[in-house]
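Enquirer: show me how the following folds:
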Amino acid sequence: VIPYSDKLFKQAAIEWLVATDQPIQALEHPKFKEMVDITSRATNGVKIPGSKATHAEIMRMFKNHLRGSGTC
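Expert: Below you'll find the predicted structure:
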């Protein structure tokens, strides 16, 4: 496990921005900050879901949203 440092986080964040073609403002987005805050409390690493699991969760959330809005 690599110990945390602001320098390492900054480097990793910039590499992520560039590698995934994110806008620079992505680092200032409240949901990005929330995600970082949540993961900072992890004690045994973080399990990042794969694309299939992520897709399934997005579809589930979308369907729930439609049901809640009366559109579905």
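Enquirer: so where's the longest helix in this structure?
Expert: Taking DSSP state H as the criterion, the chain has its longest helix at helix 51-69.
Enquirer: for the record, mean pLDDT for that helix?
Expert: When pLDDT is averaged along helix 51-69, the result is 94.
Enquirer: how distant is it from the center of its chain?
Expert: 16 Å (Cα atoms, centre = their mean, to the nearest Å).
Enquirer: list the buried residues of it.
Expert: Within helix 51-69, no residue counts as buried by 16 or more other Cβ atoms under 10 Å. For glycine as for every other residue, the C-beta is placed from the backbone atoms N, C-alpha and C.
Enquirer: after the host helix or strand of Ala13, which helix or strand is next? Please name it.
Expert: Secondary-structure assignment from DSSP states H and E places Ala13 in helix 6-19. Per DSSP H and E, helix 6-19 leads on to helix 30-39 as the next helix or strand towards the C-terminus.
Enquirer: which residues touch that following helix?
Expert: 26, 46 (Cβ atoms under 8 Å, 6 or more residues apart in numbering).
Enquirer: next, the angle from it to helix 6-19.
Expert: 130 degrees (axes from the mean of the first three to the mean of the last three Cα atoms, to 10 degrees).
Enquirer: tell me the pLDDT at Lys7?
Expert: Reported pLDDT for Lys7: 97.
Enquirer: what about it, neighbour count?
Expert: Lys7 is flanked by 8 other residues according to other Cβ atoms under 10 Å.
Enquirer: Leu17 now?
Expert: Residues near Leu17, counting by other Cβ under 10 Å: 15.
Enquirer: report the contact partners of it.
Expert: Per Cβ under 8 Å, 6+ apart, neighbours of Leu17: 23-24, 26-27.
Enquirer: 10 Å instead?
Expert: Neighbouring residues of Leu17 by Cβ atoms under 10 Å, 6 or more residues apart in numbering: 23-27.
Enquirer: most surrounded residue in those?
Expert: Neighbour max across these (other Cβ under 10 Å) = Leu27, 15 neighbours.
Enquirer: which one of the contacts of Leu17 sits closest to Asn44?
Expert: Leu27 (25.5 Å; Cβ to Cβ).
Enquirer: now Ala26. Nearest residue, chain neighbours left out?
Expert: Spatial nearest neighbour of Ala26, excluding adjacent residues (Cβ to Cβ, 6 or more residues apart in numbering): Phe32 at 5.8 Å.
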